[in-house]
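**Student:** structure of the sequence below:
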Amino acid sequence: MLLNLQNQSEVPLYLQIYKQLKDAIQNGKLTTGQKLMSKRQMAKLNGVSQNTVLNAYDQLLTEGYILAIERSGYFVADVKYLFQSEPTEDSLNITKDCSLPIIQTSYRYNFTESIPDQSLYPFKSFKKIYQDLLNTHTEDLLFQTHPQGLFELRYTLQKYLNNSRGVPCQANQIILGPSSQYLIQLVTQLLPAIKHIGTESPGYLGASQLLKGLGYTIHPIPLDELGLKPEALLTSPAQLLYLTPNHQFPTGNIMPLERRRAILEWAFQSENHYIIEDDYDSEFKYSGIPIPPLKQLDKHNKVIYMGSFSRIISPGTRISYMVLPPNLLTLYRSILSNLTSSLNTLNQWAIYKFMASGQFDSHLNRSRSFYKRKREKLIKSILVNDSNADILGEEAGLYILLIPSKPYHEKQFKQLCQLEGIKITMLSDYMLDHQHPQGKALFLSFSSIPETEIDKAIRLLYQLMQQSFQ
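**Tutor:** I've put the predicted structure just below:
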């Protein structure tokens, strides 16, 4: 299909392709079940790269306009429901207060969510903090904070990072944002010369998909049992590396010191090389002393350190943070000085009060003990059902990898789980383009599964697995 692409337009080429194909589907030029050109054919006909076409197809896939069938290609989906005419007020049956229910998919057991157990949330503490703030800080709450975030919170966070994580930083180096993805986008604006980004495979798809959507070329770097392979990184054209070395997502590997130094050496070799270190789940290590983050070893200001309150307190907190090296901080203040804070002022004050009062440390210690007990119960339950199972990544974090002792049919098992209301993923679901020897390992997040339900959930999981044995 020949498209009308404008190379000089401010709209990226992949978005132009996406929009024109979407319009063709909506107006019936492309019909349900019709096969699209392959990425190579579409790219050749329209004079663009295959990655550009792939980005456009991925967006159409995400929105449900096309389907990808293995070994067959891309096909137009039945999308009549996506663009039905606007409903009338009568058909919506709007109530007097205009409230409509929020529809959410619920599962009997969701093993994919690495979010805090709701029973841990310190409701009483935050209720008192919010009440005190509204009674005593009314004027402070009416205005936006500094573009980098509330200084009081950044200063308290600096002391926590210095003392608990060994991250050398000052409060003025810390940038607060609503999510790690938001902060990653800020980093890309500071490094406009970078076109190639390395990500772990398997790894956090939220980062790789975001960066791919922004037009970067993603280079999946394979892992082994020690984490990302430095030799594979050295042979890739990656200039920026997104890394989770302290509890790799989703394998749970903790990268040893020698390998950390090898990866830092890669960054030191080029002025344009940088590392985004996502300190994922670092707070939850259950034995031994914590391994220092990559940032602690960074002598050449090559590591951008990121963290979040979402797994310690709650995702609704919506506060993540990053520590910029001095040279990038200067760029930030030069290039992005006109940005305003994207965070709620009241929430920032509340987290500051929670940390400054010592309640954060108490909450974190209580959470570690709670999740350690939960993790032990999960492992015990697995071994009762499968004494020869392999369990990986159990030393830290809010999830483990389970390798059952008997082979099973992955697709059949997933279908059975879906019928029983169980949400499950395999290690292979987090792969980009490399195979992994433990591809069929089950990713089991235990944080949001009630402790009283763990035995029942694992027993049901193995009953379904037995129906899927090869």
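**Student:** show me the strands in the stretch 101-250 of the chain, by range?
**Tutor:** Using DSSP state E, counting those that start in this stretch, the strands of the stretch 101-250 of the chain run over residues 109-110, 174-177, 196-201, 217-224, 227-228, 240-243.
**Student:** any chance of those in TSV, plus mean neighbour count, mean pLDDT and distance to residue 32?
**Tutor:** Glycine gets a C-beta too; all of them are placed from N, C-alpha and C. What follows is the strands of the stretch 101-250 of the chain, written out as TSV (neighbours: other Cβ atoms under 10 Å; pLDDT from 0 to 100; distance: least, Cβ to Cβ, whole Å):
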stretch	mean neighbour count	mean pLDDT	distance to residue 32
strand 109-110	20	92	32
strand 174-177	24	94	41
strand 196-201	24	95	34
strand 217-224	19	93	31
strand 227-228	24	92	42
strand 240-243	25	97	38
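**Student:** nearest to residue 431, of those strands?
**Tutor:** Among those, strand 196-201 comes nearest to residue 431, with 5.7 Å by Cβ to Cβ.
**Student:** show me what that closest one is packed up against.
**Tutor:** Applying 3 or more Cβ pairs under 8 Å, 6 or more residues apart in numbering; DSSP states H and E, one finds that strand 196-201 makes contact with helix 205-213, strand 217-224, strand 240-243.
**Student:** nearest to residue 290, of the ones you listed?
**Tutor:** strand 240-243 (16.7 Å).
**Student:** residues in contact with that closest one: which ones?
**Tutor:** Strand 240-243 is contacted from outside by 184, 187-188, 191, 194, 196-200, 203-204, 207-208, 211, 221, 228, 233, 263, 266-267, 273-278, 294, using Cβ atoms under 8 Å, 6 or more residues apart in numbering.
**Student:** pull out the buried members of these.
**Tutor:** In the contacts of strand 240-243, burial by neighbour count holds for 184, 187-188, 191, 194, 197-200, 203-204, 207-208, 211, 221, 228, 233, 263, 266-267, 273-278, 294, counting by 16 or more other Cβ atoms under 10 Å.
**Student:** residues touching residue 270, list them.
**Tutor:** residue 239.
**Student:** quick one: average pLDDT of stretch 144-153?
**Tutor:** Averaging pLDDT along stretch 144-153 gives 90.
**Student:** next: stretch 312-324.
**Tutor:** Mean predicted lDDT for stretch 312-324 stands at 89.
**Student:** got it, and stretch 352-364?
**Tutor:** The pLDDT scores in stretch 352-364 average 94.
**Student:** now the end-to-end length of that stretch.
**Tutor:** Start-to-end span of stretch 352-364 (Cα to Cα, to the nearest Å) is 15 Å.
**Student:** how far off centre is that stretch?
**Tutor:** In terms of Cα atoms, centre = their mean, to the nearest Å, the centre of stretch 352-364 is set 25 Å apart from its chain centre.
**Student:** then stretch 341-359?
**Tutor:** 23 Å.
**Student:** can you tell me the SS state at residue 306?
**Tutor:** Here residue 306 is recorded as strand under DSSP: H, G, I helix; E, B strand; the rest coil.
**Student:** for the one 10 residues further on, same thing?
**Tutor:** Secondary structure of residue 316, reduced to three states by three-state DSSP: helix.
**Student:** and it, how many residues sit next to it?
**Tutor:** Under the neighbour criterion other Cβ atoms under 10 Å, residue 316 is assigned a count of 10.
**Student:** what about it, distance to residue 186?
**Tutor:** Relative to residue 186, residue 316 is positioned 22 Å away (Cβ to Cβ, to the nearest Å).
**Student:** which parts of stretch 48-59 are buried?
**Tutor:** Quick answer for stretch 48-59 (16+ other Cβ under 10 Å): 48, 51-53, 55-59.
**Student:** same deal with stretch 67-75?
**Tutor:** Neighbour counts over stretch 67-75 (16+ other Cβ under 10 Å) mark 67, 73-74 as buried.
**Student:** if we only consider those, which is nearest to residue 381?
**Tutor:** Residue 381 lies nearest to residue 67 out of the buried residues of stretch 67-75, by Cβ to Cβ, at 37.8 Å.
**Student:** quick one: contacts for that closest one?
**Tutor:** Neighbour list for residue 67: 61, 74-77 [criterion: Cβ under 8 Å, 6+ apart].
**Student:** mind listing which of those are in strands?
**Tutor:** 74-76 (DSSP state E).
**Student:** now render the residues you listed as a markdown table, adding pLDDT and distance to residue 428.
**Tutor:** Listed next are these as a markdown table, based on pLDDT from 0 to 100; distance: Cβ to Cβ, whole Å:
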| residue | pLDDT | distance to residue 428 |
| --- | --- | --- |
| 74 | 87 | 21 |
| 75 | 84 | 23 |
| 76 | 86 | 27 |
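**Student:** between those, which sits nearest residue 329?
**Tutor:** Minimum distance to residue 329 across these is 43.7 Å, recorded for residue 74 (Cβ to Cβ).
**Student:** skipping its backbone neighbours, what lies nearest the closest one in space?
**Tutor:** Counting by Cβ to Cβ, 6 or more residues apart in numbering, residue 74 lies nearest to residue 36, which is 4.3 Å off, once chain neighbours are set aside.
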